[in-house]
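1. Sequence first, then the predicted structure, then my questions.
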Amino acid sequence: MRDLSAETFRQHLLEKYALPPKARARVENPANSTLARPLRELWEATDLSAAEFADEVSAYWGVAKLSLPQLLASTPCFDGFSRRFLRESTILPFTGPNGGYLLAVADPSDTAPIRAAELVFGAPVEVAVASFEDITTVLDQRVEADDAHSDDGAPNAARQSDDDIESLRDLASGAPVVRALNDLLERAVELRASDIHIEPFRTGLVIRMRVDGLLRAMPAPAGIPPQALISRVKILAGLNIAERRLPQDGAARVRVSRSELDVRVATMPTQHSESAVIRLLPRDRGLLEMPKLGLAARDESIMTRLLALPHGMIVITGPTGSGKTTTLATMLSILNEPTRKILTIEDPVEYEIPGVNQSQVKPSIGLTFAAAMRSFVRQDPDVIMVGEIRDAETASIAIHAALTGHLVLTTLHTETAAAAVPRLIDLGVEGFLLKSTLRAVVAQRLVRILCDRCKAPHTLTASDVDNDPRFAVVGFKAGEVIHQAVGCERCGGTGYRGRNGVFEILEMSDEVRKLVGPQMDSHTIDTTAIRGGMTTMLDDAVAKCRAGLTTVPEVFRVTTIR
């Protein structure tokens, strides 16, 4: 079989056929033409019948074409194949007259099913072409007949299911699939990605990696069936590959190149098989130090003073992925001394800190944030860190722990630092308790940092300021020098490499405490705190922009005007 692509075949059709205008337009600009099943999309875009299209495929790839009667007369060989895989790939495996293995395919440019068949059979297969419609017809008839062999169908179905699972396990443990997953992990480490998203769709497998907070599309492994790659991920994380109807969570420790990674895997059933997300947690992430967070000099001074307090509660706020866990881990590292006992309850434990007693929630056995907090106060701790206040019970226990002589660190999901105060009131915390225990709220976001190798200075002109109102909003004027993202090989063409935090720290001053009550609103607290000298996240981000660390578009991507 000639090694040709769907793209060259598309050009062949355009040159050979005088297609009607609408059909020609669809063929010239096929939707999703770069995905895994381009020939089916190409056939659906033309006015050719299934048989005519199969004739063209057969002649172009130099492969014999089989008719419907020939397919019906063949001896199918379904052992080791998932029926769903056969239908989705539109292939029909069968044995030839000489005892060898043959594979009828509708799309010879899609090599993944061919390689999968060779792995199942453990031998090369001879490829023939048949139309999409003929293969589907035969599969419908033969699979139904195969399912009806047992009297009540249940024992046979169970055997088939077991066979499919074992076949899938063998396929997922094969060298090509193992190598494909290792390549993905190595690429993720190289890009310093935090997550790998593996997503099967009708048109093929999509791989994306979250780099510096944004998802980036990656080429899918060539010739690897999506289900085999997902199964390999599940085997790695110790999950049940036979369970495809329910979400599963798992973890593993792997070695990639010279790095050791903790990976956390979460699978989710979707319309097209399962998707998986791999969270990468490098074990050698370096020292957790205050200067690495990106705090301004004034905010760093405030944070140092807060951590010296003997008791009270400090809250970190921000959306998912804003760096709250790293900030908390840094605070714990600073507090981690032999004279202090530190207990944490997290979901999950992302940073392992020697000397800190860290626990992970397990709701299935009743170990929730609230249950752990109730036990913590009997463990004689000095510092307690609770990963997140999610409900009224956890909020109440955290407040009372802070009231009884413990330093409590925790997180909340709020937009600003000021919004955390009414949120705690909304969770049932009494105003007088909040006034007594809350010491500060730290809100944060992460901005991408410009790549040192390719960033370029730019002097703002009057035209720049007039054409982009964002410059005026943050106080930039013509003549000021900013830096712009350019892109190079080191940063993957994005112009950014790495991230840093932008912060605002709301201290509970006397003026702010007076506002705490049932009728308060976050805007009034915000205004009072700013008047008292609080630096907002926007101010901090603009300062980093002026220092040449980031760009104006990045500032507005993560912060809001208020």
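-> Structure's in. What do you need?
2. which regions of the stretch 251-400 of the chain lie under the pLDDT threshold?
-> Filtered on pLDDT under 70, the stretch 251-400 of the chain yields the residue ranges 283-287.
3. can you give me the helices in it?
-> Per DSSP state H, counting those that start in this stretch, the stretch 251-400 of the chain carries helices over the ranges 297-307, 324-335, 369-376, 392-403.
4. Taking helix 324-335 as reference, get the angle to the first one.
-> Using axes from the mean of the first three to the mean of the last three C-alpha atoms, to 10 degrees, one finds that helix 297-307 and helix 324-335 are set 60 degrees apart in direction.
5. do the same with the third one
-> Counting by the same axes, to 10 degrees, helix 369-376 points 10 degrees away from the direction of helix 324-335.
6. and helix 369-376 with helix 392-403, angle?
-> Using the same axes, to 10 degrees: helix 369-376 against helix 392-403 is 30 degrees.
7. quick revisit: Arg216: which of the helices of the stretch 251-400 of the chain is closest?
-> Taking C-beta to C-beta, helix 324-335 is the member of those nearest to Arg216, at 21.0 Å. C-betas here are computed from N, CA, C, even on glycine.
8. buried sites along the closest one?
-> Buried residues in helix 324-335, counted by 16 or more other C-beta atoms under 10 Å: Lys324, Thr325, Thr326, Thr327, Leu328, Ala329, Thr330, Met331, Leu332, Ser333, Leu335.
9. What about the closest residue to the second one other than its chain neighbours, how many residues nearby?
-> Translated: Thr325. Of all residues not flanking Thr325 in the chain, Glu350 sits nearest, at 5.3 Å (C-beta to C-beta, 6 or more residues apart in numbering). By other C-beta atoms under 10 Å, 18 other residues sit near Glu350.
10. Please look at Glu350 and Ala329 and confirm they touch.
-> Yes: using C-beta atoms under 8 Å, Glu350 is in contact with Ala329, at 7.4 Å.
11. how much space is there between the closest residue to Thr416 other than its chain neighbours and Leu409?
-> Among residues not flanking Thr416 along the chain, Ala443 sits closest, at 5.4 Å (C-beta to C-beta, 6+ apart). Applying C-beta to C-beta, to the nearest Å, the value for Ala443 to Leu409 is 15 Å.
12. And the strands in the stretch 301-450 of the chain?
-> Along the stretch 301-450 of the chain, the stretches classed as strands by DSSP state E, counting those that start in this stretch are 312-317, 342-346, 357-360, 383-386, 407-412, 438-450.
13. Torsion angles phi and psi at the residue nearest to Thr325?
-> phi -100, psi -30 (degrees, to the nearest 10).
14. What separation is there between it and His458?
-> As judged by C-beta to C-beta, Glu350 and His458 stand 37 Å apart.
15. Switch the strands of the stretch 301-450 of the chain over to JSON lines; also include mean neighbour count.
-> JSON lines is the format used below for these (neighbours: other C-beta atoms under 10 Å):
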{"stretch": "strand 312-317", "mean neighbour count": "24"}
{"stretch": "strand 342-346", "mean neighbour count": "23"}
{"stretch": "strand 357-360", "mean neighbour count": "15"}
{"stretch": "strand 383-386", "mean neighbour count": "24"}
{"stretch": "strand 407-412", "mean neighbour count": "24"}
{"stretch": "strand 438-450", "mean neighbour count": "24"}
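16. I'd say Asp249 and Val263 touch.
-> No: the criterion here is C-beta under 8 Å, and Asp249 misses it with Val263 at 11.7 Å.
17. So between those two, which is more surrounded?
-> Set Asp249 next to Val263 and count neighbours by other C-beta under 10 Å: Val263 wins out with 20 against 11.
18. hang on, that one packs against Val233?
-> No: with contact defined as C-beta under 8 Å, Val263 and Val233 do not form a contacting pair (9.0 Å).
19. list the residues that contact both of these two?
-> Both Val263 and Val233 are contacted by Ile278, under the criterion C-beta atoms under 8 Å, 6 or more residues apart in numbering.
20. one step back: give the contact list for the residue nearest to Thr416.
-> Taking C-beta under 8 Å, 6+ apart as the definition, contacts of Ala443 comprise 316-318, 414-417, 420, 503-506, 537.
21. Same question for Thr411.
-> Val315, Ile316, Thr317, Gly318, Lys324, Thr325, Leu328, Gly387, Glu388, Ile389.
22. and which of these is nearest Gln379?
-> Gly387 (17.0 Å).
23. next SSE after the worst-scoring helix or strand of the chain on mean pLDDT?
-> Within the chain, no helix or strand scores below helix 154-172, which has a mean of 54 by mean pLDDT, DSSP states H and E. For helix 154-172, the following helix or strand on the C-terminal side (DSSP states H and E) is helix 175-191.
24. quick one: average pLDDT of that following helix?
-> For helix 175-191, the mean per-residue pLDDT is 87.
25. Isn't Ala54 up against Ser131?
-> Yes: assessed by C-beta under 8 Å, Ala54 is found in contact with Ser131 at 3.8 Å.
26. Overlap of the contact sets of those two?
-> Both Ala54 and Ser131 are in contact with Ala106, where contact means C-beta under 8 Å, 6+ apart.
27. More neighbours: the two, which one.
-> More crowded of Ala54 and Ser131, by other C-beta under 10 Å: Ser131, with 26 against 23.
28. next one: phi and psi at the more buried one?
-> phi -80, psi 160.
29. List the contacts of it.
-> Ala50, Ala51, Phe53, Ala54, Ala106.
30. Compare those and tell me which has the most neighbours.
-> Ala106 (26 neighbours).
31. Quick check, it in contact with Val129.
-> Yes: assessed by C-beta under 8 Å, Ala106 is found in contact with Val129 at 7.1 Å.
32. which neighbours do those two share?
-> Common neighbours of Ala106 and Val129 (C-beta under 8 Å, 6+ apart) are Ala54, Val57.
33. Look up how far Asp195 lies from Ile241.
-> Ile241 is 21 Å from Asp195, by C-beta to C-beta.
34. ugh, wrong one, I meant Ile207
-> On the measure of C-beta to C-beta, Ile207 and Asp195 end up 11 Å apart.
35. repeat for Lys514
-> 44 Å.
36. more crowded one of these two?
-> More crowded of Lys514 and Asp195, by other C-beta under 10 Å: Asp195, with 17 against 11.
37. Now for His523, how many residues are close by?
-> 12.
38. ok, and the closest non-adjacent residue to it?
-> In this structure, His523 finds its nearest non-sequential neighbour in Ala418, 7.5 Å apart by C-beta to C-beta, 6+ apart.
39. Surely that neighbour and Ala529 touch.
-> Yes: the criterion here is C-beta under 8 Å, and Ala418 meets it with Ala529 at 6.3 Å.
40. okay, and the common contacts of those two?
-> By C-beta under 8 Å, 6+ apart, the residues touching both Ala418 and Ala529 are Leu506.
41. Between the two ends of stretch 414-434, what distance do you get?
-> Using C-alpha to C-alpha, to the nearest Å, the end-to-end distance of stretch 414-434 comes to 17 Å.
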